[in-house]
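A.B. asks: let me see the structure of the following:
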Amino acid sequence: MVTIPDTDLALIRTELPPGARAAKLGDSKLLKRGQVVVAIGNPLGFEFTVTTGVVSSLGRSLRSRHGRLIEDVIQTDAALNPGSSGGPLVSTTGEVVAINTAMIYGAQGICFAVASNTGLVVIGEIIRHGRVRRAYLGIVAQTIVLPGRFAREFGEASHAVRIGGLEANGPAAQAGLREGDILLSFGSFTIAGIDDLFRSLGSERIGCETPISFLREGKLHQTSVWAMERLPLD
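C.D. replies: Okay, the predicted model is just below:
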């Protein structure tokens, strides 16, 4: 079994019982709000429990237990409880469109599931590399409010990311970035916060030259950075 805490998913290799068939993964991008879905799981130890609901919203973001941002999460009102996590969220055609992952304690009908398309990406990365690869810049950063005059002159958003520290010889340091620089864009992404920066650091950025724009002492600068792979901790 390989676990990926950043996406709250795991890949398990097992033998199917005789006569069993694997469920088909559907295309979660085809889901629509209001579409009926069925959640299957073992809530509170009650095996093979089935609940129904609708797709409440699409494209949500959810924090994992490790603080990482899980993208493209599906919100549903199909009842989930402890023990439902890991079970499938199924469409009326019998396709698995998401993997149940979380509920909001104290809320009514607010539950989340990781989209099947995210699962396919994670599975592919695990099979090829044994892990889900992410790029990193080697910085400590925080989201800040971009001063109004800078936002009007340089930015497309009211917030940006300020570099509070750099890893020695990390990608950002090698690109000439300094503590106090304010990141405005990374490639084609406008950086209006830490979450935007995280979204932009996918595996496709590893080892690739990416243009960035940033503010330093009130002046706009542009350079390029070669993002590196963020290796898992031992």
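
A.B. asks: show me what contacts Phe214?
C.D. replies: By Cβ atoms under 8 Å, 6 or more residues apart in numbering, the residues touching Phe214 are 177, 181-184, 220-223. (C-beta placed from N, C-alpha, C; glycine too.)

A.B. asks: so Leu183 bridges to which residues?
C.D. replies: Beta bridges link Leu183 to Val161, Phe214 when assigned by DSSP bridges.

A.B. asks: what stretches of the chain score poorly on pLDDT?
C.D. replies: Applying pLDDT under 70 to the chain flags the ranges 1, 4-6, 64-69, 155, 231-234.

A.B. asks: quick check: longest strand in it by residues?
C.D. replies: strand 49-63 (DSSP state E).

A.B. asks: what's next to the next helix-or-strand element following that strand, contact-wise?
C.D. replies: From strand 49-63 onward toward the C-terminus, using DSSP states H and E, the following helix or strand is strand 69-76. For strand 69-76, the external contacting residues (Cβ under 8 Å, 6+ apart) are 6-8, 28, 31, 37, 39, 53-64, 89, 97-98, 101, 110-115, 117-118, 195, 198-199.

A.B. asks: partner strands of strand 69-76, parallel or antiparallel?
C.D. replies: Paired strands of strand 69-76, with direction, are strand 49-63 (antiparallel), strand 111-115 (antiparallel) (DSSP bridges).

A.B. asks: nearest to Ala160, of those strands?
C.D. replies: Minimum separation from Ala160 across the strands paired with strand 69-76 (Cβ to Cβ) falls at strand 49-63, 18.7 Å.

A.B. asks: for that closest one, list every residue counted as buried.
C.D. replies: Using 16 or more other Cβ atoms under 10 Å as the test for burial, strand 49-63 gives 49, 51, 53, 55-56, 58, 62.

A.B. asks: Ile12: which of those residues is nearest?
C.D. replies: Thr49 (20.5 Å).

A.B. asks: how about the contacts made by that closest one?
C.D. replies: Thr49 makes contacts with 40-43, 84, as judged by Cβ under 8 Å, 6+ apart.

A.B. asks: partner residues bridging it?
C.D. replies: Beta-bridge partners recorded for Thr49 (DSSP bridges): Gly41.

A.B. asks: give me the three-state assignment for Ala151.
C.D. replies: Classification of Ala151 by DSSP: H, G, I helix; E, B strand; the rest coil places it in helix.

A.B. asks: no no, Val37
C.D. replies: Under three-state DSSP, Val37 comes out as strand.
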